[in-house]
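# what's the 3D shape of this:
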Amino acid sequence: MNRRGAGKKRVLYHLRTQGSGSEGIHVRGMVKAFRSLGYRVDFIWPLGEGDPTTRAGDNPYDRKKRKSIVELVIPMIPGPVFAMMEYLYNFWALRRFEGALRSEGCDFIYERHFFFSFASGKIARKHGIPLVVEVNELAGFERVRGNHLSGLARRCEHSLFSNATIISVVSSFLRDRIIAQYPDIGREKIVVIPNGVDADFFSRAVDGRRVRAELGLEGKTVFGFVGFFLHVSTWHALEWFLPAFIDAAREYPDVSLLLVGDGPGRAALEEIGRSRGFSDRLIFSGAVPNNRIGDYIDAMDAGVIPHTNEYRSPIKLFEYMAYGKPVLAPRQEPVESIVGDVQGSFLFETKSVESLKKTISVMIGERENWPGTGKILKDLVKNSLTYGKHGETILKMLQSCENENR
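The predicted structure follows:
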């Protein structure tokens, strides 16, 4: 599948995000997968000429970190104006693609889908290059900035999907929504590939005991969450989750909740703990470097996902599993399809306080089984849910498409 003749195989990876936070972890995972499979990966990326994978896991809300002019200005732009800028970005991207292909070709283009994107599809069709589009959300879905020019966003999306060779979605919900919303898009090109972890998760040395000692958690049953605290109504719904968790945990004095991360919403979460007399069992780690997250997950007995929706594949789920932790999480398809057969009784109905309280009680009642459950989950991730295996799946599909077109 080398379209450049002899020499090292090449992928053009197109993204328009900062490459930080959890999305950066996924970007880094797929890039590492392609590199491990013998491909050179070059980037079409508006924030610079560098490698965005170096920012994976960085806190995008870190006030101490020096930001570029672009990163400083973007949050101040009104939503409708920014939406038009997103559309116009395609014309810059078209020139960048042409420049990147002028001196040498590539085997395929890989894009992390973003709203208003169509440039990679135009380039792929023009030059006869396979295009893989990785989809985590669709035009019209909830976004922090709000939705503007949604009709234009959907037209761009339809154009992109029409020109794609493979559409990789992280959930069955997204696959079904694409089929319903764009019925002329061939369903055979859509494949469900959930998130995952790097294979090196299983060889990293971690020290959860030291974390427990530092935070006063020795001898405790520790539920844990990893993420950013954005504001009072957090994306992760911690402000909803905490009161219910506290009520359910009151009768178990050895149970604590460890919140790993930081952000502007932390003070409000701390106040919930204080107002309910739970401060001594609600432990905040503060900001933790990405390369030490494993130590903190290792310090947990169980991972927590307070909230997710019907279409996202939470990266935290796979990281908890990789470290052998059972997971308290909502009963949404992207979660249940992965862990439901192993730990279905640890899933609660989304945003149901009563269901959450009952599930916590059931889970605590079965805590002697957590290590065995965690081992099964770890083996599941290791055997089938690494980014390396996802990369292999993509390449096999591309090879199959190429054979069919011969």
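
# Leaving out chain neighbours, which residue sits closest to Gly265?
Phe229 (3.7 Å; C-beta to C-beta, 6 or more residues apart in numbering). Using the backbone N, CA and C atoms, a C-beta is placed for each residue, glycine as well.

# do Glu218 as well
Arg212 (5.1 Å).

# in the stretch 301-406 of the chain, which ranges drop under the pLDDT threshold?
The stretch 301-406 of the chain contains residues with pLDDT under 70 at 406.

# What segments of it are strands?
Assigned by DSSP state E, counting those that start in this stretch, the strands in the stretch 301-406 of the chain fall at 302-304, 327-330, 347-348.

# Report all helices and strands that the longest one contacts.
Contact partners of strand 327-330 among helices and strands, from 3 or more C-beta pairs under 8 Å, 6 or more residues apart in numbering; DSSP states H and E: strand 302-304, helix 315-322, helix 333-343, strand 347-348, helix 353-365.

# Please identify the deepest-packed of the ones you listed.
Highest mean neighbour count of the helices and strands packed on strand 327-330: helix 315-322, a mean of 25 (counted as mean count of other C-beta atoms under 10 Å).

# Give me the distance between it and the centre of its chain.
Relative to its chain's centre, helix 315-322 lies at 10 Å (C-alpha atoms, centre = their mean, to the nearest Å).

# who touches it?
The contact list for helix 315-322, computed with C-beta atoms under 8 Å, 6 or more residues apart in numbering, reads 22, 25-26, 194-197, 201-202, 225-227, 293, 297, 300, 302-303, 305, 326-327, 329, 335, 338-339, 374, 377-378, 380-382, 385.

# Of those, just the buried ones, ChimeraX syntax please.
The ChimeraX command for the buried members of the contacts of helix 315-322 (criterion: 16 or more other C-beta atoms under 10 Å) is given here:
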select :22,25,26,194,195,196,197,201,225,226,227,293,297,300,302,303,305,326,327,329,335,338,339,374,377,378,380,381,382,385
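
# Nearest residue to Tyr311 in space, ignoring adjacent ones along the chain?
Closest to Tyr311 by C-beta to C-beta, 6+ apart is Phe173, at 4.4 Å.

# just Lys220 next, same as before
Nearest residue to Lys220, sequence neighbours excluded (C-beta to C-beta, 6+ apart): Ser256, at 4.7 Å.

# What count of nearby residues applies to the one you found?
Residue crowding around Ser256 was assessed by other C-beta atoms under 10 Å; the count is 22.

# cool, Gly265 as well?
Per other C-beta under 10 Å, the neighbour tally for Gly265 reads 21.

# what is the rounded mean pLDDT of the one helix or strand Val81 maps to?
Using DSSP states H and E, Val81 sits in helix 79-102. What helix 79-102 shows for mean pLDDT is 92.

# Given the following helix or strand past that helix, what are its sheet partners and their directions?
Sequence order places strand 108-112 as the next helix or strand after helix 79-102, per DSSP H and E. In its sheet, strand 108-112 lies beside strand 9-14 (parallel), strand 131-135 (parallel), with partners assigned from DSSP bridges.

# Please tabulate those in a markdown table and include mean pLDDT and mean neighbour count as additional columns.
Formatted as a markdown table, the strands paired with strand 108-112 follow (pLDDT from 0 to 100; neighbours: other C-beta atoms under 10 Å):
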| stretch | mean pLDDT | mean neighbour count |
| --- | --- | --- |
| strand 9-14 | 95 | 22 |
| strand 131-135 | 97 | 24 |
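
# Can you identify each of the strands in the stretch 101-250 of the chain by residue range?
Using DSSP E, counting those that start in this stretch, strands in the stretch 101-250 of the chain cover 108-112, 131-135, 166-169, 190-192, 221-226.

# May I see the ones you listed organised as JSON lines, with distance to Gly286 added?
JSON lines is the format used below for the strands of the stretch 101-250 of the chain (distance: least, C-beta to C-beta, whole Å):
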{"stretch": "strand 108-112", "distance to Gly286": "29"}
{"stretch": "strand 131-135", "distance to Gly286": "32"}
{"stretch": "strand 166-169", "distance to Gly286": "35"}
{"stretch": "strand 190-192", "distance to Gly286": "36"}
{"stretch": "strand 221-226", "distance to Gly286": "12"}
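
# Out of these, flag the one nearest Lys8.
Closest approach to Lys8 among the strands of the stretch 101-250 of the chain (C-beta to C-beta): strand 108-112, 14.0 Å.

# hmm, who's touching that closest one?
Contacts of strand 108-112 (C-beta under 8 Å, 6+ apart): 1, 11-15, 17, 23, 26-27, 30, 34, 97, 117, 120, 123-124, 129-134, 136, 160, 165, 394, 398.

# Now do Gly79 against Arg35, distance only.
37 Å (C-beta to C-beta, to the nearest Å).

# Check Ile376 too.
Taking C-beta to C-beta as the measure, Ile376 falls 30 Å from Arg35.

# Mind checking the helices and strands packed on strand 327-330 for the one nearest to Val206?
Between the helices and strands packed on strand 327-330, helix 315-322 lies closest to Val206; by C-beta to C-beta that is 10.6 Å.

# okay, the angle between the closest one and helix 333-343?
With axes from the mean of the first three to the mean of the last three C-alpha atoms, to 10 degrees applied, the angle from helix 315-322 to helix 333-343 works out at 20 degrees.

# mind listing what Lys378 touches?
Contact analysis of Lys378 by C-beta under 8 Å, 6+ apart lists 202, 321-324.

# tell me the two of those residues that are most distant?
Phe202 and Met321 (11.1 Å).

# Now do the contacts for Phe91.
Residues in contact with Phe91 (C-beta under 8 Å, 6+ apart) are Ala119.

# how far away is it from Leu149?
To Leu149, Phe91 is 16 Å away according to C-beta to C-beta.

# next one: Glu23
Distance of Glu23 to Leu149, given as C-beta to C-beta: 22 Å.

# now do Ser162
Counting by C-beta to C-beta - Ser162 and Leu149 are separated by 20 Å.
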